[in-house]
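K.L.:
Sequence first, then the predicted structure:
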Amino acid sequence: MDFKQQVIDAITAVLGDELPKEQVAKLIETPKSNDLGDYAFPTFALAKTRHMAPVKIAAELAPQIDAANFDKVVATGAYVNFFLAKTTFAKQVLAEIAAKGADYGQQELGHGNVPIDMSSPNIAKPMSMGHLRSTVIGNSIAKILTKIGYTPIKINHLGDWGTQFGKLIVAYKLWGSEAAVKADPIKNLLEYYVRFHTEAETKPELDDEARAWFKKLEDGDEEATHLWSWFRAESLKEFKRIYDILGVEFDSFNGEAFYNDKMDKVTDELEAKGLLQESRGAEIVDLSKYDLNPALIRKSDGATLYMTRDLAAAFYRHDHYDFKQSLYVVGMEQTEHFKQLKAVIKEMGYDWADDIHHIPFGLITANGKKLSTRKGNVILLEKVLGEAVDLAKEQIAEKHPDLKNADEVAEAVGVGAVVFHDLKNERIDQFDFNLEEVVRFEGETGPYVQYTNARANSILAKATAEFDVAADASVTLDDANAWPVLKQLGAFPDVIARAAKEYEPSVIAKYALKLAKTFNQYYAHTKVAVQDAQLPARLALVQSVSTVLTESLNLLGVKAPKEM
């Protein structure tokens, strides 16, 4: 079922070699209004070769197209507009969704392993709203890639190494106690970390101590290693609890420390290939030919950096997973770093650097201010999720006070609202977070989509007719009000393909909102449960909407309760 391809074939059958099929495919548009058809071909690209006005070209081209597979083909201005055969379209779409269920939209567009570096919180710091984006964007991209044939490998590249551990060890030894850390590890470790930065503003010698302690850690000092292991273990317990709330799982928790014994291999190769240069006592790779700043590989004191460890990680993932692509879902502020990473690997002579992709995203702000752990301006993710669930409970109690599994539904709605709100925004956009707007049941929110799906399930539950969805999907749905809904349902496979190509979950979220809105408009104008010959077909349409909304939410990592 590919109605767009029918349009492309019909046009190229007339144009022949005048315009390649690939170019025709790129030019096809979807009109903003149903009155203008379902697909449109703009004729501007033919104006130069035909030496004619686009309007005249469209008028000549439309009558030449074989309209056997369409309701009609007409010229409107400079466009040739195609109106799909509605009854054929309805039968095929509903039958396919009924037959495939949750597998509708599944495509074989690729295969092979795709490591996804995502979430990656720092040890000894709480999970904040600042960690939400990488976590849920990476999780959704993994689900979308699975849908088109790839095997994603979700890697939580924990921030469990680096000079911050020197700072934390110094802070703990100066102001901490074992009893306090055991009583509330994350809260107290964060307080020590924030205090270190406050004190270091007037006592720069603290930074020197921190660097010294991190060097001890790198060298395997027993006390430093013990403290580091303890901080890491306590932090992982905290992280895993929050990941369980979000419904996010990982295939690997190999963080920066995992690559400690793998960096020498990379630096030795850089040296052997004559790529390492000395600069002010440090070692760098010159990337001026790429218009990039030098990549700093080792500091003057011999300490390694993010770049050193990320190079080791890139080589490990390539050798271990034999990846088709390797994705890094990391904030936009790290764009330069990943350009350097790819350039260094390219300089080493490895073309698989081209398979590495940085998936950047914008910041979440609170009242217009950037969230910062270092300055103590942090909004705890678990607290936000808890408050979102409480808000959902209040609204469910008003709308459906006798709901049996209200607590379970409230969690699905509250957590889902936070996740959906993040993912409906395009990745690169920065947005300000307002919880009350996020958990509303009306407007462009996750609860609105979930509520629409619950409404569809309620219609099906109340329907008096016994119907077999797979069989009744073949019944002709002769209902003009249903056409916008059918078009949205038919577009789902293309939406998935686009979301995968662009690594953009917002494509799915915006589609889900549009399908929900279109279905609600249909429901407002159509009496679905009327006992007539069309009832089974209408119920098949409602079932299809629920199937596709549920799968859309699933691809975003959001649950779809059947009752709300």
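P.N.:
Great, that's in hand. Residues are numbered from 1 along each chain as shown.

K.L.:
Check for me that residue 558 belongs to a strand.
P.N.:
No: if the criterion is DSSP: H, G, I helix; E, B strand; the rest coil, then residue 558 is coil and not within a strand.

K.L.:
tell me which element the nearest residue to it once chain neighbours are set aside falls in.
P.N.:
Once flanking residues are discounted, residue 558 sits nearest to residue 416: 4.0 Å by Cβ to Cβ, 6 or more residues apart in numbering. (Glycine included, C-beta is placed from N, CA and C.) Per DSSP states H and E: residue 416 is located in helix 406-424.

K.L.:
Format the CA atom coordinates belonging to that helix as PDB.
P.N.:
C-alpha atoms of helix 406-424 as PDB (Å, rounded to 0.1, in the frame of the first residue of the first chain):
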ATOM      1  CA  ALA A 406      -6.600   5.100  39.200                       C
ATOM      2  CA  ASP A 407      -3.100   5.100  40.700                       C
ATOM      3  CA  GLU A 408      -1.600   3.100  37.900                       C
ATOM      4  CA  VAL A 409      -3.300   5.300  35.300                       C
ATOM      5  CA  ALA A 410      -2.200   8.400  37.000                       C
ATOM      6  CA  GLU A 411       1.400   7.300  36.900                       C
ATOM      7  CA  ALA A 412       1.100   6.500  33.200                       C
ATOM      8  CA  VAL A 413      -0.500   9.900  32.500                       C
ATOM      9  CA  GLY A 414       1.800  12.000  34.700                       C
ATOM     10  CA  VAL A 415       5.100  10.400  33.700                       C
ATOM     11  CA  GLY A 416       3.900  10.200  30.100                       C
ATOM     12  CA  ALA A 417       3.000  13.900  30.100                       C
ATOM     13  CA  VAL A 418       6.500  14.900  31.000                       C
ATOM     14  CA  VAL A 419       8.100  12.600  28.400                       C
ATOM     15  CA  PHE A 420       5.600  13.600  25.700                       C
ATOM     16  CA  HIS A 421       6.100  17.300  26.400                       C
ATOM     17  CA  ASP A 422       9.800  16.900  25.900                       C
ATOM     18  CA  LEU A 423       9.500  14.900  22.700                       C
ATOM     19  CA  LYS A 424       6.900  17.100  21.000                       C
END
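
K.L.:
by contact count, what packs against that helix?
P.N.:
Where contact means 3 or more Cβ pairs under 8 Å, 6 or more residues apart in numbering; DSSP states H and E, helix 406-424 is packed against helix 132-147, helix 222-246, helix 381-399, helix 435-438, helix 446-462, helix 506-525, helix 535-556.

K.L.:
let's see it at 10 Å
P.N.:
Helix 406-424 sits against helix 132-147, helix 222-246, helix 381-399, strand 431-432, helix 435-438, helix 446-462, helix 506-525, helix 535-556, with contacts defined as 3 or more Cβ pairs under 10 Å, 6 or more residues apart in numbering; DSSP states H and E.

K.L.:
who does the fourth one pair up with?
P.N.:
In this case it means strand 431-432. Sheet pairing for strand 431-432, assigned by DSSP bridges, gives strand 364-366 (parallel).

K.L.:
contacting residues around the partner strand?
P.N.:
128-133, 370-371, 377-379, 384, 421-422, 425, 430-434 (Cβ atoms under 10 Å, 6 or more residues apart in numbering).

K.L.:
mind listing what's buried in that strand?
P.N.:
364, 366 (16 or more other Cβ atoms under 10 Å).

K.L.:
And the residue nearest to the spatial centre of the chain, how far from residue 426?
P.N.:
Centroid-nearest residue in the chain, with Cα atoms, centre = their mean: residue 137, separated by 3.1 Å. Separation of residue 137 from residue 426 (Cβ to Cβ, to the nearest Å) stands at 11 Å.

K.L.:
same question, residue 463
P.N.:
In terms of Cβ to Cβ, residue 463 sits 38 Å off from residue 426.

K.L.:
Look up which helix or strand the closest residue to residue 515 other than its chain neighbours falls in, please.
P.N.:
Spatially, and ignoring its direct neighbours in sequence, residue 515 is nearest to residue 488 (4.6 Å; Cβ to Cβ, 6+ apart). In this structure, residue 488 sits in helix 483-502 according to DSSP H and E.

K.L.:
Run the chain-centre distance for that helix.
P.N.:
Its chain's average C-alpha position is 16 Å from that of helix 483-502, according to Cα atoms, centre = their mean, to the nearest Å.

K.L.:
which residues does residue 169 contact?
P.N.:
124, 176, 192, 196, 209-210, 212-214, 216-217, 221, 223-224, 227-228, 231.
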